[in-house]
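# All I have is the shape, not the residue letters:
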């Protein structure tokens, strides 16, 4: 449920592209957990960050419906490319047509499989977006950082995890506790890593922006 402030913000930023709006509606109509998709505000932020960073190569861990991949791809310069990895092969039938039917299809490479298995063969990237299994964020970060160019960026979604990172976990289910612990461990690791600069934005569920120094 959007608040009046949410409505105000959305009315004063760039409009959601029509193709992405149709994808957002289809996600909400046909899939469980539609909140996992980035949505209008975060999508416009991702596109803006890509415009600012001007990466030649992007890697995304966790495709879901492809909303965030499409937002980032829409901001890529000619000749740049985006690789996105989804571990859930049951998601492919929904997502692939949306990616391949988009105005940015020629910039996107869609992979099905485990990101930790695929990453070593994909080369170096200028920007990464992590939005996958929260329990494995530490593993993703450790695997990704060597594949990020000096001065490149890692964006990590859900790093406030509905505020659970700052709460007692006694009221959470075992699965939720494991995810909360995964995000906490990731946040602590990044905060202590001298190889990077970092900032957490309290946008939606928390978005961490990490810059690799060397």
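Arrived safely, thanks for sending. Only a predicted model underlies this, so the values are computations on that prediction, with no experimental measurement involved.
# how many neighbours does residue 181 have?
The number of residues packed around residue 181, counting by other CB atoms under 10 Å, is 16. To be clear about C-beta, it is placed using only N, CA and C from the backbone, and glycine gets the same treatment.
# tell me which element it falls in.
Using DSSP states H and E, residue 181 sits in helix 174-191.
# what about that helix, distance to the chain center?
Centroid separation for helix 174-191 versus its chain: 17 Å, with CA atoms, centre = their mean, to the nearest Å.
# residues of stretch 32-39 that come out buried?
Within stretch 32-39, the residues that count as buried by 16 or more other CB atoms under 10 Å are 34, 36-39.
# quick one: contacts of it?
23-24, 27-28, 46, 64-65, 67-68, 71, 131, 157, 204 (CB atoms under 8 Å, 6 or more residues apart in numbering).
# now residue 112: how far from residue 96?
In this view, residue 112 and residue 96 are 9 Å apart by CB to CB, to the nearest Å.
# Repeat that for residue 119.
21 Å.
# quick one, strands of the protein?
Per DSSP state E, the chain carries strands over the ranges 57-61, 81-86, 108-112, 125-130, 148-157, 196-201, 207-212.
# Could you identify which of those is most buried?
Each of these was scored by mean neighbour count; the highest is strand 57-61, a mean of 27, by mean count of other CB atoms under 10 Å.
# what angle sits between that strand and strand 125-130?
Inter-element angle recorded for strand 57-61 and strand 125-130: 20 degrees (by axes from the mean of the first three to the mean of the last three CA atoms, to 10 degrees).
# Walk me through which strands strand 57-61 pairs with, and which way each runs.
Partner strands for strand 57-61, per DSSP bridges, with pairing direction: strand 81-86 (parallel), strand 125-130 (parallel).
# Could you list the low-pLDDT ranges of the protein?
Under the criterion of pLDDT under 70, the regions of the chain flagged as low confidence span 1-2, 169-170.
# Now do the same contact list for residue 105.
With contact taken as CB under 8 Å, 6+ apart, residue 105 is in contact with residue 99.
# Give me the distance between it and residue 150.
Distance of residue 105 to residue 150, given as CB to CB: 30 Å.
# cool, residue 110 as well?
Counting by CB to CB, the gap between residue 110 and residue 150 amounts to 28 Å.
# circling back to that earlier point, of residue 119 and residue 96, which one has the most company?
Taking residue 119 and residue 96 together and counting by other CB under 10 Å, residue 119 has the greater number of neighbours (21 against 15).
# hang on, the earlier thing: farthest pair within the buried residues of stretch 32-39?
Maximum pairwise distance among the buried residues of stretch 32-39 (CB to CB): 11.0 Å, between 34 and 38.
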